[in-house]
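sequence and predicted model, in that order:
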Amino acid sequence: MLTHLDRLEAESIHIFREVVAGVKKPVLLYSVGKDSTVMLHLARKAFYPAPPPFPMMHIDSTWEFRDMYAMRARMAEESGMELIVHSNPDAIAENVNPFTHGSEVHSHMWGTTGLKQALAKHQFDAAFGGGRRDEEKARAKERILSFRNEQQRWDPKAQRPELWSLYNTAKRAGESFRAFPLSNWTEQDIWQYIYREQIPIVPLYLAAERPVVERDGTLIVVDDDRMPLRDGEQPEMRSVRFRTLGCYPLTGATESQATTLEAVIQETLLAVSSERQGRVIDRDGGASMEKKKQEGYF
Amino acid sequence: MVATAEDLNAYLARQDAKSLLRFLTCGSVDDGKSTLIGRLLYEAQALYDDQLAGLADESRRDGTRGEELDYALLLDGLAAEREQGITIDVAYRFFSTEKRKFIVADTPGHEQYTRNMVTGASTADLAIILVDARKGLLPQTRRHSYIASLLGIREVVLAVNKMDLADYDEAVFSAIRDDYLALAAQLELPNVTAIPLSAVNGDNVVAKSTAMPWFSGTPLLPFLETVAPGSDGNAEQPFRFPVQWVNRPSRDFRGYTGTVVSGHVKVGDTVRAQPSGRETTVERIVSWHEDLSSAEVGQSITLTLADEVDISRGDVISAAADPAEVADQFEATLVWMGEKPMLPGRSYRLKLATSEAMATVKPLKHRIDINSLQNAPARRLDMNDIGVVNLELDRRVAFEPYAGNRDLGGFVLIDRITNATVAAGMLQFALRRSQNVHWQALDIDKKAHSSIKDQRPCALWFTGLSGSGKSTIANALQRRLHSLGHHTYLLDGDNVRHGLNKDLGFTDADRVENIRRVAEVGKLMVDAGLITLISFISPFRSERHMARALFEDGEFLEIYVNTPLAVAEERDVKGLYAKARRGELKNFTGIDSPYEPPRNPDIVIDTVEQSADAAAEKLLAELSARGMLAIDS
Ligand SMILES: Nc1nc2c(ncn2[C@@H]2O[C@H](COP(=O)(O)OP(=O)(O)O)[C@@H](O)[C@H]2O)c(=O)[nH]1
């Protein structure tokens, strides 16, 4: 009998193949985080011995951890897939950053707008994302294959019913899908799977001594010298790790001594706060995630 | 908890070995569904501290339970719902215990209920049917249970909630349970487990309730942890593998990828590609980094085959010794989900496993009244209606009846214009099976003849003036029926007079005998299961009446080919009217012998307005609407 991880893996692989069979130009959204890493692994399994028949694309805010850029290069090399990197040119021109523009504008410009630009520019008609239904209440209701209109908007009231393992990939020109092969995974499943498959992850998930400042109750790692320090802020070395990754000035670290994958899993099993608490962005307003999704955020 | 790396490995192995149970909760509004699921999440410690803190805040602000935690708030999702205070869709929740992982589909009870519940039920192993102890079974309970049974859910938990408001009274519980067991028997729901609960107080949710010492059964969560999940039942079935994608990275590799939906496969097994029927053997079972020697139900794999067989997406690779059925016509049950109604005759895109086809509904046999569970006549299906239909596909596909295999029997219909998913369907069986394997030749009566032909035999009695078009229309109709695979025979007046009735003339008495003999022959043919077309002028009401009396109710259809004398005479295909007018032909109907038009014909054909082919199509539609072209199960 298959274990639950085998079943989750098989379901995700099935979804990858169904979407590829049903659309013209899919793309894997690759953020370098652990969910993206698992996605990439599953995609490679789904089409083995061929490489996945789609490129991977990183929506790059230019504000990400240096370790992530290193990992991105390595994974593109290993997978044999084409890597597309897109950074919103308007955001570059205006030098958008979390400090002068605030987290909301920052993530909207680099993330939401950047993603839309990239999808439109390359005319991708399906984008694989690593969203999970256990992440956030609004996600619990999203489909595995989520339909977007010409404006790439999600309408929570006009979702196609999803029955059995049948995915309706019919659409008109200009319309597209976001596909979520990890919908039925939980954070714990992700860690267990990484461990079982020995998938390489960015070292940021493991605890290490890093330069940290404490800002509004969140531990921020000062990853490069672009971060303006406030009065009295003095980075100090603390043993921290990340449960989720994004732009370094917006991603809160957790204090931890878990320097190995085993130790991280052990801590995760005992986790006392849910994953998104580490993301500053989700705290702006109660139903913010849903609003962002309607606008096209992943 | 976990102390060392060694323990961690053991712990992870235990986690990984957990099985998965997918269940669905259904109830009417306010039965306590959200509270119950919230409670399960809470009790299973699926909530993190910050979620609990949020819940406490929200309970105080928006909750219905004063200072206590309102577990229902955990399930709120979309902002729109929060404003309206309702849940509008299917939401999935996750939790796990030491024994098992759970995925809960939560489907709310509002107008879109049928559609939502069917969606949630399509992937569920078990359904929890909630009933308010004070209200007992409601019409909704019947509906939910019917849908659970329709979607093939074998395990049902009857959760009798709010026992705290019914004084934890055993009699209340027993009465509801007994009512429900009667309903379950009617619906052929095999396994029902009734549990008295109080979702708010936690009675019998995780631990045995001290308030209900009389209950000797297992509380809800321990029951969910131990009940056998139905989804592995396909392991015992023969091997089926719908091909998703042909993997061709280079000239020397050609693999077929897919998920094993039933049975298992090993290297060297003989397999059959369906619908083509070509056989070959499995050469390799390819998976990441290493080949497998065998694979089982649920695994996503890539097969290579010993011979070059033309296989593409949508084909099914099956155990050669026990292949799937292949057909292009089915009886199916449809749950309509589209905004616009389903109309018979319109074509939709059908998606079954990995195959696609154009499907036309012909005919809609009946609607199922979900409250009374009775069949109701219907001309269309509206959103949330359930109906039984015949489906005609533009190509043959491999399939299994839904009851035996959800993956090869469950399909969706997609609107060709809007691309919306407009129906969920379950294939029941193929129509016009070329061989009926399970047929036992014991008592070969009309029913047996009819069933092997998959049609309801009938006598189509065409009456009308000479030259009215009877034979032309009957001939056209027979051609259509024949091309659709029906078994027919056309008794034509002129032809019969060449043999059987060559001793008869055209006196009134001979005309009566002529009709009597033809009616008797027609009756024999109907008994043989044939759709029998009888084309005779048959001018007198009384003999047509006599003919009708030989047949069972509904078996005899009087078709009046209504052509005015002037028109028939003008056509005069055989030159008979001219002869009769010249007096060379005696007793010619319409000239010197009367024609009595039918008073209540079953069908009237106007040949002035429509062509013979159009008339034949109309008749075909009539036959189909009357259920003549397939047998009711
Ligand atoms: N007394 C009592 N009230 C309950 C019980 N279960 C739910 N309720 C209350 O019934 C109301 C409706 O519950 P809710 O879970 O929102 O119902 P839903 O519409 O089925 O999801 C709420 O006020 C609950 O607190 C129970 O077992 N006992």
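Arrived safely, thanks for sending.

off-centre distance for stretch B:142-156?
Centroid separation between stretch B:142-156 and its chain, computed with Cα atoms, centre = their mean, to the nearest Å, is 14 Å.

between the two ends of it, what distance do you get?
Distance between the two ends of stretch B:142-156: 13 Å, counting by Cα to Cα, to the nearest Å.

list the contacts of it.
When contacts are defined by Cβ atoms under 8 Å, 6 or more residues apart in numbering or on different chains, stretch B:142-156 is touched by residues B:24, B:26-27, B:113-114, B:117-118, B:121-122, B:124-129, B:180, B:183-184, B:187-193, B:227-228, B:230, B:333, B:335, B:370-371, B:373, B:386, B:402-403, B:406, B:426. All C-beta atoms are positioned from the backbone trio N, CA, C, and that covers glycine.

buried subset of those as a PyMOL selection?
In PyMOL syntax, the buried subset of these is picked out as below (16 or more other Cβ atoms under 10 Å in any protein chain shown):
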select buried, chain B and resi 24+26+27+113+114+117+118+121+122+124+125+126+127+128+129+180+183+184+187+189+192+193+227+230+333+335+370+386+402+406+426
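
narrow the contacts of stretch B:142-156 to those in strands?
Mapping those onto strands (DSSP state E) picks out B:24, B:26, B:126-129, B:191-193, B:333, B:335, B:386, B:426.

what comes up buried for stretch B:445-459?
B:H449, B:S450, B:I452, B:K453, B:D454, B:Q455, B:R456, B:P457, B:C458, B:A459.

and these as CSV, adding distance to B:G583, pLDDT and secondary structure?
Below are the buried residues of stretch B:445-459 laid out as CSV (distance: Cβ to Cβ, whole Å; pLDDT from 0 to 100; DSSP: H, G, I helix; E, B strand; the rest coil):
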residue, distance to B:G583, pLDDT, secondary structure
B:H449, 48, 85, helix
B:S450, 48, 86, helix
B:I452, 52, 84, helix
B:K453, 48, 86, helix
B:D454, 51, 87, coil
B:Q455, 46, 90, coil
B:R456, 46, 91, coil
B:P457, 43, 93, coil
B:C458, 40, 94, strand
B:A459, 36, 95, strand
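
wait, A:Q257 touches A:R238, no?
No: using Cβ atoms under 8 Å, A:Q257 is not in contact with A:R238, being 10.7 Å away.

so, low pLDDT: which residues of the chain?
Because you didn't say which chain, this covers chain A. Within chain A, the stretches with pLDDT under 70 are A:136-139, A:156-157, A:270-298.

other chain: chain B
Short version for chain B, where the test is pLDDT under 70: B:1-6, B:45-56, B:58-69, B:71-89, B:108-112, B:230-233, B:432-443, B:632-633.

what does it put close to the ligand?
B:27, B:29-35, B:64-65, B:72, B:161-162, B:164-165, B:198-200 (Cβ under 6 Å from any ligand atom).

quote the end-to-end distance of stretch B:282-292.
Stretch B:282-292 has an end-to-end distance of 12 Å (Cα to Cα).

in it, which residues are buried?
Applying 16+ other Cβ under 10 Å to stretch B:282-292 flags B:V282, B:R284, B:I285, B:V286, B:S287, B:L292 as buried.

could you do stretch A:212-219 as well?
Under the neighbour-count criterion of 16+ other Cβ under 10 Å, stretch A:212-219 has A:V212, A:V213, A:T218, A:L219 buried.

is that stretch up against chain B anywhere?
No: for stretch A:212-219, no contact with chain B is found by Cβ under 8 Å from any Cβ of the partner chain; the gap never falls below 12.5 Å.

now do that stretch: distance to the chain's middle.
23 Å.

contacting residues around it?
Contacts of stretch A:212-219 (Cβ under 8 Å, 6+ apart): A:220-222, A:229-230, A:233-238, A:240, A:252-255, A:280.

from the buried residues of stretch B:445-459, pick the one nearest A:Q159.
Nearest to A:Q159, judged by Cβ to Cβ, of the buried residues of stretch B:445-459 is B:D454 at 38.9 Å.

wouldn't that closest one be in contact with B:L431 here?
Yes: between B:D454 and B:L431 there is a contact under Cβ under 8 Å: 5.5 Å.

anything in contact with each of the two?
B:A630.

need the residue closest to the centroid of chain B.
B:T333 (2.0 Å; Cα atoms, centre = their mean).

which non-adjacent residue is nearest that residue?
Nearest residue to B:T333 in three dimensions, chain neighbours excluded: B:M426, at 4.9 Å (Cβ to Cβ, 6 or more residues apart in numbering or on different chains).

reformat the buried residues of stretch B:282-292 as JSON lines; add secondary structure.
Converted to JSON lines, these look like this (DSSP: H, G, I helix; E, B strand; the rest coil):
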{"residue": "B:V282", "secondary structure": "strand"}
{"residue": "B:R284", "secondary structure": "strand"}
{"residue": "B:I285", "secondary structure": "strand"}
{"residue": "B:V286", "secondary structure": "strand"}
{"residue": "B:S287", "secondary structure": "coil"}
{"residue": "B:L292", "secondary structure": "strand"}
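
helices or strands next to the lengthiest helix in chain A in the packing?
Counting residues, the longest helix found in chain A (DSSP state H) is helix A:4-22. Applying 3 or more Cβ pairs under 8 Å, 6 or more residues apart in numbering or on different chains; DSSP states H and E, one finds that helix A:4-22 contacts helix A:34-47, strand A:126-128, strand A:176-179, helix A:187-197, strand B:19-26, strand B:240-250, strand B:253-259, strand B:300-305.

helix or strand right after that helix?
Downstream of helix A:4-22, the first helix or strand assigned by DSSP states H and E is strand A:26-29.

list the strands paired with that next one, with their directions.
Sheet pairing of strand A:26-29 (DSSP bridges) gives strand A:56-59 (parallel), strand A:126-128 (parallel).

list the contacts of that strand.
Identification of contacts with strand A:26-29 by Cβ under 8 Å, 6+ apart yields A:19-20, A:36, A:39-40, A:43, A:52-59, A:81, A:84, A:115, A:119, A:122, A:124-130, A:179, A:298.

more neighbours: A:Q257 and A:R238, which one.
The neighbour comparison of A:Q257 against A:R238 (other Cβ atoms under 10 Å in any protein chain shown) goes to A:R238, with 18 against 10.

surely that one and A:S256 touch.
No: applying Cβ under 8 Å, one finds A:R238 not in contact with A:S256, separated by 9.6 Å.

what is the end-to-end distance of stretch B:253-265?
20 Å.

that one: how far from the chain's middle?
Remark: stretch B:253-265 is offset 27 Å from the chain centroid, using Cα atoms, centre = their mean.

does that stretch come close to chain A?
Yes: contact of stretch B:253-265 with chain A (Cβ under 8 Å from any Cβ) involves B:F253, B:G255, B:T257, B:G258, B:T259.
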